[in-house]
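Chemist: Sequence first, predicted model second:
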Amino acid sequence: MNAMQQIESGNFSVPRWNLFPPDSVKVVSWNIDRGSKLRRVIEFLAGEKADIILLQEADLNARRTHHLNVAREIAQKLAMNYVFGREFQELTQGSKTSAAYHGQATLSRWPLSNSRIIRFQKQSHFWHPHWFLPEVPPFQERLGGRLALVSDANIAGKTIATYNTHLESRGDDPLRFAQLEEVLEDSKRHTSNTAVLLTGDFNMDVSQGHAAGAITRAQFQDAFANHHEPTTPGSFLEHGRIIDWIFTRGRVRSVKPLVHRSVSASDHYPLSINVAFV
């Protein structure tokens, strides 16, 4: 199998013998900026005690994050299962004998199954290597492309299908919308009774326009409806952007949506909700 299509996994959760599923589960979605402030990331996630965690931009063997397997480190510290999908091979972060990657990681206190990658058909060419650029970190030359990591969390007889999504940052909204449409089309394989989570860093505001219409037609509900706050820090030039999202579908409802704007472990803020089964 192509290395970029491989899905890494690990099981560190304590086995559960629950005969019945809980009334609700806690979900966190967060772009962790490669795990550059890993100690703070783990401290926040440990405090949240989430049941399902969906992370974007987790490093694997990159020089900038001390050659750690960031997804595995977090899963071990939190005693959770995890899967990791490789978004890009980072050409300036590895070595000739040991490649570096970053991508998406989905963690769960419950078993994960049916994990797969949706590598978007439409991609930006911004990251491609060029002969005239030196292989040094500032140029971030990469192989691969944006993706959604799909996994089922199996919660004592109930299933939550998760789409851990990272849309392109170096492109325009039509490109990001095309990538989003691929995820929405794939989600049609799940029946109306299946709980589905669509989360991640979309790199755009999807609360209006074509994106909002497509999400509504796909029957997803915005977990943060009427509770939106910027999900990136502001500056002198802007107040921050709303680009990270959690949507739900199926026989669930979202409660207690929160953007954790006091957390300074990344260039994005973590989002959390409780998903109640109905």
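Modeler: Structure's in. What do you need?

Chemist: which other helices and strands contact the longest helix along the chain?
Modeler: Determined from DSSP state H, the single longest helix within the chain is helix 173-186. Here helix 173-186 touches strand 112-119, strand 147-155, strand 158-166, helix 209-217, going by 3 or more Cβ pairs under 8 Å, 6 or more residues apart in numbering; DSSP states H and E. For glycine as for every other residue, the C-beta is placed from the backbone atoms N, C-alpha and C.

Chemist: tell me the angle that helix makes with strand 112-119.
Modeler: Comparing the axes of helix 173-186 and strand 112-119 via axes from the mean of the first three to the mean of the last three Cα atoms, to 10 degrees yields an angle of 140 degrees.

Chemist: Just the buried positions in stretch 168-185, please.
Modeler: For stretch 168-185, a neighbour-count test (16 or more other Cβ atoms under 10 Å) marks 168, 171, 173, 175-184 as buried.

Chemist: just these now: which is nearest residue 29?
Modeler: Each of the buried residues of stretch 168-185 was scored against residue 29 by Cβ to Cβ, and residue 183 proved nearest at 14.0 Å.

Chemist: Can you tell me, leaving aside adjacent residues, what's nearest to that closest one?
Modeler: residue 148 (5.0 Å; Cβ to Cβ, 6 or more residues apart in numbering).

Chemist: how close does that neighbour get to residue 103?
Modeler: Using Cβ to Cβ, to the nearest Å, we find residue 148 at a distance of 11 Å from residue 103.

Chemist: one step back: TSV for the helices and strands packed on helix 173-186, including mean neighbour count and mean pLDDT?
Modeler: Below are these laid out as TSV (neighbours: other Cβ atoms under 10 Å; pLDDT from 0 to 100):
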stretch	mean neighbour count	mean pLDDT
strand 112-119	16	98
strand 147-155	24	97
strand 158-166	24	97
helix 209-217	14	97
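
Chemist: Is it possible to get the ones you listed out as TSV so that each row also shows distance to residue 39?
Modeler: As requested, these are arranged in TSV below (distance: least, Cβ to Cβ, whole Å):
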stretch	distance to residue 39
strand 112-119	25
strand 147-155	24
strand 158-166	23
helix 209-217	35
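
Chemist: quick one, helices of the chain?
Modeler: Using DSSP H, helices in the chain cover 38-48, 70-78, 173-186, 209-217.

Chemist: Determine which of those approaches residue 15 most closely.
Modeler: Distance to residue 15, taken as Cβ to Cβ, is lowest for helix 70-78 among the helices of the chain, at 15.2 Å.

Chemist: What residues of that closest one count as buried?
Modeler: Under 16+ other Cβ under 10 Å, the buried positions of helix 70-78 are 70-75, 77-78.

Chemist: Could you give the average pLDDT over it?
Modeler: Averaging pLDDT along helix 70-78 gives 98.

Chemist: can you check stretch 191-201 too?
Modeler: For stretch 191-201, the mean per-residue pLDDT is 95.

Chemist: So what's the gap between it and the chain middle?
Modeler: 13 Å (Cα atoms, centre = their mean, to the nearest Å).

Chemist: Same question for stretch 23-34.
Modeler: Relative to the mean C-alpha coordinate of its chain, stretch 23-34 is positioned 8 Å out (Cα atoms, centre = their mean).

Chemist: re earlier: tabulate the helices of the chain (TSV), appending distance to residue 200.
Modeler: Formatted as TSV, those follow (distance: least, Cβ to Cβ, whole Å):
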stretch	distance to residue 200
helix 38-48	16
helix 70-78	15
helix 173-186	9
helix 209-217	13
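
Chemist: Closest one to residue 197 out of the buried residues of stretch 168-185, please.
Modeler: residue 183 (11.5 Å).
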